[in-house]
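> Sharing a model prediction with you, sequence too.
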Amino acid sequence: MSEIINRTGQPWAEHEDAVLIKGYKNGKPVLLIAETLNRSPGSVRGRASLLNLKKGQAADDYEPSLEIATCSHCGQANLSDPLDCNCPEARREARIQAQIDKARERIKQLFGENAAERGFAPIHSTDTLDLMNDVVTLIANHAIKNATLQITGRCKAKISLTAKGSIKVGRTETTTYQL
Ligand SMILES: [Zn+2]
């Protein structure tokens, strides 16, 4: 469900100005712009006069630097990045994505191109690294809890979810010598 936040009184963000300016340029009713932005019509009119906007003739040289996107969860249309939305679903998705990004960075450190900095031999098979990244996604989405991969002739990789909810990546060398 969407969380309705009345943004009246809060400072105007760049993407909100972009919505406002676009709305005025296209002659959209103030009420509609206010609804899109979750602000009061008074707040919209105030901001518009501050920016010297007039209906249907907003500054032509203004180019919004941000694309206007829509949150795929709640449908709010005033976002520069759908992951910026404040609704619970979007925040959850952003949290999961952050977990995935962090764990993939750990894989890069321990198994990928940066492994040598830690004294490990990098794994050159991109398929193997892709598999580890896929495991991370599955763990982040709570499809699996952990996975251990025995990488042929090299090492063991363990990827698991900690009690605190972050994704731990471990590497164990399994080199054996037989003379
Ligand atoms: Zn949303």
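Ah, there it is. Numbering: from 1, shown residues only.
> what is residue 173 paired to in the beta sheet?
Beta bridges link residue 173 to residue 155 when assigned by DSSP bridges.
> That one: what's it in contact with?
Residue 173 makes contacts with 120, 154, 155, as judged by Cβ atoms under 8 Å, 6 or more residues apart in numbering. Backbone N, C-alpha and C define where each C-beta goes, glycine included.
> Most neighbours of all the residues you listed, which one?
residue 155 (20 neighbours; other Cβ atoms under 10 Å).
> list the helices and strands the helix or strand where residue 99 lies packs on?
Per DSSP states H and E, residue 99 falls inside helix 88-110. If you count contacts as 3 or more Cβ pairs under 8 Å, 6 or more residues apart in numbering; DSSP states H and E, helix 88-110 packs onto helix 126-140, strand 155-161, strand 167-173.
> and it, how far from the chain's centre?
On the basis of Cα atoms, centre = their mean, to the nearest Å, helix 88-110 sits 9 Å off its chain's mean C-alpha point.
> Report the buried residues of that helix.
90, 93, 94, 99, 100, 103, 104, 106, 107, 108, 109, 110 (16 or more other Cβ atoms under 10 Å).
> of all those residues, which comes closest to the ion?
Nearest to the ion among those: residue 90, at 4.0 Å, using Cβ to the ion.
> Turn the helices and strands packed on helix 88-110 into TSV, including distance to the ion and mean pLDDT.
Shown next, in TSV, are the helices and strands packed on helix 88-110 (distance: least, Cβ to the ion, whole Å; pLDDT from 0 to 100):
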stretch	distance to the ion	mean pLDDT
helix 126-140	19	96
strand 155-161	26	95
strand 167-173	25	95
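> out of those, deepest packed?
Of all those, strand 155-161 has the most neighbours on average by mean count of other Cβ atoms under 10 Å, namely a mean of 18.
> residues making contact with that one?
103, 107, 110-111, 120, 132, 135-136, 139, 142, 145-151, 167-174.
> quick one: low-confidence parts of this structure?
Along the chain, segments meeting pLDDT under 70 span 1-9, 56-68, 78-83, 175-176.
> any idea how it splits into domains?
Domains of the chain are assigned by automatic domain parsing as 14-84, 91-173.
> Can you get me the start-to-end distance on the longest one?
As for domain 91-173, its first-to-last residue distance stands at 38 Å under the measure Cα to Cα, to the nearest Å.
> Check the first one too.
Distance across domain 14-84, first residue to last, is 13 Å (Cα to Cα).
> Relative to the whole chain's centre, how far out is it?
Its chain's C-alpha centre and that of domain 14-84 lie 22 Å apart, by Cα atoms, centre = their mean.
> Just checking that domain against the ion, any contact.
Yes - if you take Cβ under 5 Å from the ion as the test, domain 14-84 does meet the ion, through 71, 73, 74.
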